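Student: Provide a 3D model corresponding to the input given below.
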Amino acid sequence: MKYICLVYYKESEIDAMTQTEWDALNRECIAFGESISSSGHFVGGAPLEPTHTATTVRVRDGKMSTTDGPYAETKEQLAGFYELEAKDLNEAIQVASRIPPARFGSIEIRPARELVPEDNSR
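Tutor: Take a look at the predicted model:
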C-alpha cells in the first residue's frame, strides 16, 4: 500500500540554523532517502522551497485567482513529502519515524488513494 508522509516544521526554527546545521540535516535526509530506496519503501518525494515562494490558485464560478503564499497560517509549514510503499500503517509509521525533520516538527501519514478511470469502452 502507498502512503504519503507530509513533513511539517516551523520554518523559523530551520531559518535559525547555521549553514553547517542545515547542510548536516540535508545530508541526513539524503542518507534516509537512500536507505528507504534500498529497502524498497521509497516511491518518490521532494523537499519544498519555503512558504514565501508559494502561490495558491483558486477557481470559483469559473474564475481563477492567485494569492502569494500558502492559503492558511499554521504553526508548522509543509516542507516536503515522501511517498512510501509499506505493507500497512504500522510499517509506514516505523519508516516515517526515521525521517530526520521529525525531530523538529511532525510527519503526517496518509494512505494514498488511487483514482480509477471509468471504463468507457462500451
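
Student: give the buried residues for stretch 39-51.
Tutor: Buried residues in stretch 39-51, defined by neighbour count with 16 or more other Cβ atoms under 10 Å: 41-43, 45. Every C-beta, even on glycine, is put in place using the N, C-alpha and C of the backbone.

Student: also stretch 88-103?
Tutor: Going by neighbour count (16+ other Cβ under 10 Å), the buried part of stretch 88-103 is 92, 95-96, 99-101.

Student: next one: stretch 65-82
Tutor: Buried residues in stretch 65-82 (16+ other Cβ under 10 Å): 70, 77-82.

Student: send me it as PDB with only the CA atoms.
Tutor: Provided in PDB are the C-alpha atoms of stretch 65-82 (Å, rounded to 0.1, in the frame of the first residue of the first chain):
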ATOM      1  CA  SER A  65      -7.400  33.800  -8.800                       C
ATOM      2  CA  THR A  66      -4.000  33.600  -7.300                       C
ATOM      3  CA  THR A  67      -2.600  34.600  -3.900                       C
ATOM      4  CA  ASP A  68       1.000  34.800  -2.900                       C
ATOM      5  CA  GLY A  69       2.000  32.400  -0.200                       C
ATOM      6  CA  PRO A  70       0.200  29.500   1.400                       C
ATOM      7  CA  TYR A  71      -3.600  29.500   2.000                       C
ATOM      8  CA  ALA A  72      -3.600  29.100   5.800                       C
ATOM      9  CA  GLU A  73      -1.400  30.400   8.600                       C
ATOM     10  CA  THR A  74      -0.200  27.500  10.600                       C
ATOM     11  CA  LYS A  75       2.200  26.800  13.400                       C
ATOM     12  CA  GLU A  76       4.200  24.400  11.200                       C
ATOM     13  CA  GLN A  77       4.700  24.700   7.500                       C
ATOM     14  CA  LEU A  78       4.700  21.900   4.800                       C
ATOM     15  CA  ALA A  79       8.400  21.300   4.000                       C
ATOM     16  CA  GLY A  80       8.200  18.300   1.700                       C
ATOM     17  CA  PHE A  81       6.900  14.800   1.300                       C
ATOM     18  CA  TYR A  82       7.800  11.200   0.900                       C
END
